[in-house]
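Enquirer: Structure for this input, please:
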Amino acid sequence: MKKLPLGIQNFREIVEGGYVYVDKTPYIYELIEGVKHYFLSRPRRFGKSLLLDTIAEAFCGDRELFKGLFIYNTDYSFEKHPILRLDMSNIANETPETLKKALLIELRKRVREEGFDFDYDIPSSMYKDLIEAMFKKYGKKVVILIDEYDKPILDRLTDIETAEANRDVLRGFYGVLKSMDPYLRFTFITGVTKFTKTSIFSGLNNLRDITMSKNYSNICGVTIEDLSSCFDEHIAKLSSLDAFMGERSIHDEILTWYDGYSWDGLNRVINPFSLLNFFAEERFYSFWYASGTPKFLISLIKEKPSSFLALRNLEISEKTLDNFDITNMSIVPLLFQTGYLTVSEKRYRGVSESLLMEMPNLEVKEAFNLNIVAAFTESDDDVAETAYWRIKESLKVGDLQAVLSTLRALFASIPYQLHVNKEAYYHSIFLAIMNILGFDMEAEVSTAWGRIDAALELEDKVYVMEFKYEDCPPGVSPDEKQELFKKALDGGMEQICDRKYAQKFEGIGKTVHKAIFAFLGRDDIEMRVELC
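Expert: As a prediction, this is how the structure comes out:
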């Protein structure tokens, strides 16, 4: 049984060490034999670095290293070329000055290794002359490989001024490549976000962006076919363990937990980081999510809680995914590019095309919703998870008052400085709780007469829900507070009845209940439930 390449991003080490390798050389062959310059966006820990290392080895001239793989039996010459590779995840970026110094340190190191004697204080000048000098020294065109090109920007998105300044440094640095085209054999740039159509690569307009290309949708990740052919022995081993007895199928459970990433709505791949860790740890867990969630994502959603409610059944144009702007960040492109949304389907509307987006798998859904609740209430994961289980048990026995009590305790943990006087804020937390429990909870459900805030379908019943927020001035009396609650609850009931929300669920053999949640503040919550 081949070993698992956990944490190994070196192609030679994987091949020579007898590790599992999913053959990506068909894509590499097509890239090398195609145009000269490419850009690829994929989420973190999705195999970008290993892909770059494999490309580098393909330009090192060692054909025998690829024996048994697709590219070995092609007409590719394996001609050796000088390679200049930069991993921007290893470049310090606290300030633009730090970024410039770190780039210079990296380039000066390579200058010394190559035996050159020039030096500059400007990274772009050093980069330019290094490429030209390598071309002259080896008499061959240079291969440029840049990994995590956007890391100096993403790391500073909570400080927009620094992020913009780092972007300006990178724009000048990467812009050198345009003028170096006569000296370049091949360029491949990877990252998480797509700045290619905005500002970072404004001068480098000869890059082919293959991010959404159907031909390259599986260039990173593990396909279902790869799972069966490359990991069959590992699946067989787990099938014999008591811990997995009774599972519907380890293969199917893997797909439920870690599959579902797609860039064309047709081809789907499994998250390689989570898959390898699953086989190593012999348990299902949110490995990829636990390895780090960008803080700026949660911060954006906290600022605009209604954006969380819009993530289900989301339909957008592909152009929306290119609209990444540091000063006006849109949550949908960020969630897609960082791996929290994926393309479930492409739809054609006449001459135009739209993308239906959804969360890719159980790992992302569970961990993301847990993080939302913990962040919105500023409680830790244990507190949020305890609330989940209490609500789950209460719903099982139909004790909605117990659900209400749990919600009150959870919302009471929201710090005053974080609390947002918006209906969408409470609505978002409630929806996140229900989603993490696995309930088929729909938000903003469209009907012929309007939009239902939420609908929860259980085995024998349906709850049609409305969320109402009333501004409660400080110092009001208990009687005045009750009047505010009554106003909100009555208004919610009238809205459900007047707009005939319950009709959507008639005739399905389930009892339909109207459930109104009224919020006056953090822990001032009341609920009314009536049978339709």
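Enquirer: which of the residues in stretch 497-513 are buried?
Expert: Under the neighbour-count criterion of 16 or more other CB atoms under 10 Å, stretch 497-513 has 499, 501-502, 504-505, 512-513 buried. In short, each C-beta sits where N, CA and C put it, glycine included.
Enquirer: Switch those over to a markdown table; also include secondary structure, pLDDT and distance to Ser307.
Expert: Listed next are the buried residues of stretch 497-513 as a markdown table, based on DSSP: H, G, I helix; E, B strand; the rest coil; pLDDT from 0 to 100; distance: CB to CB, whole Å:
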| residue | secondary structure | pLDDT | distance to Ser307 |
| --- | --- | --- | --- |
| Arg499 | coil | 83 | 24 |
| Tyr501 | helix | 78 | 24 |
| Ala502 | helix | 76 | 28 |
| Lys504 | helix | 78 | 25 |
| Phe505 | helix | 79 | 27 |
| Val512 | strand | 85 | 29 |
| His513 | strand | 85 | 28 |
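Enquirer: for those, which one is nearest Ala374?
Expert: Set against Ala374, the nearest of the buried residues of stretch 497-513 by CB to CB is His513 (29.2 Å).
Enquirer: helices or strands up against whichever strand or helix holds Ala280?
Expert: According to DSSP states H and E, Ala280 maps onto helix 272-281. Counting by 3 or more CB pairs under 8 Å, 6 or more residues apart in numbering; DSSP states H and E, the packing neighbours recorded for helix 272-281 are helix 250-258, helix 287-290.
Enquirer: Compare the ones you listed and give me the one nearest Arg45.
Expert: Of all those, it is helix 287-290 that lies closest to Arg45, at 6.0 Å by CB to CB.
Enquirer: Check what contacts the closest one and list those residues.
Expert: By CB atoms under 8 Å, 6 or more residues apart in numbering, the surrounding residues in contact with helix 287-290 are 45, 258, 271, 273-274, 277-278, 281, 339, 363-364, 367-368, 371.
Enquirer: Check stretch 517-528 too.
Expert: Under CB under 8 Å, 6+ apart, the answer for stretch 517-528 is 400-401, 403-404, 407-409, 411-412, 414, 416, 419, 423, 426, 430, 465-472, 481, 484-485, 488-489, 492-493, 515-516.
Enquirer: Out of the residues you listed, which end up buried?
Expert: Buried among the contacts of stretch 517-528 (16+ other CB under 10 Å): 400, 403-404, 407, 411, 414, 419, 423, 426, 430, 465-470, 472, 481, 484-485, 488-489, 492-493, 515-516.
Enquirer: Go through these and flag which are in strands.
Expert: 465-469, 515-516 (DSSP state E).
Enquirer: Next, give me the two most distant ones among those residues.
Expert: Farthest pair in these, by CB to CB: Tyr469 and Ala515, 15.6 Å.
Enquirer: Quick check, Val383 in contact with Trp389.
Expert: No: using CB atoms under 8 Å as the test, Val383 is too far from Trp389 to be in contact (11.4 Å).
Enquirer: Settle it for me: which of these two has more neighbours?
Expert: More crowded of Val383 and Trp389, by other CB atoms under 10 Å: Val383, with 15 against 11.
Enquirer: and the more buried one, how far is that from Arg112?
Expert: According to CB to CB, to the nearest Å, Val383 stands 53 Å off from Arg112.
Enquirer: the helices in the stretch 251-400 of the chain, which residues?
Expert: 272-281, 287-290, 295-303, 306-309, 331-337, 362-377, 381-396, 400-412 (DSSP state H, counting those that start in this stretch).
Enquirer: So for Thr193, which of the ones you listed sits nearest?
Expert: Going by CB to CB, the one of the helices of the stretch 251-400 of the chain nearest Thr193 is helix 331-337, 5.0 Å.
Enquirer: related to what we said a few turns ago, nearest to Asp168, out of the helices of the stretch 251-400 of the chain?
Expert: helix 295-303 (19.0 Å).
Enquirer: Could you find the closest non-adjacent residue to Gln495?
Expert: Glu466 (5.9 Å; CB to CB, 6 or more residues apart in numbering).
Enquirer: doesn't Cys497 make contact with that neighbour?
Expert: No: at 10.7 Å, Glu466 does not count as touching Cys497 under the criterion of CB under 8 Å.
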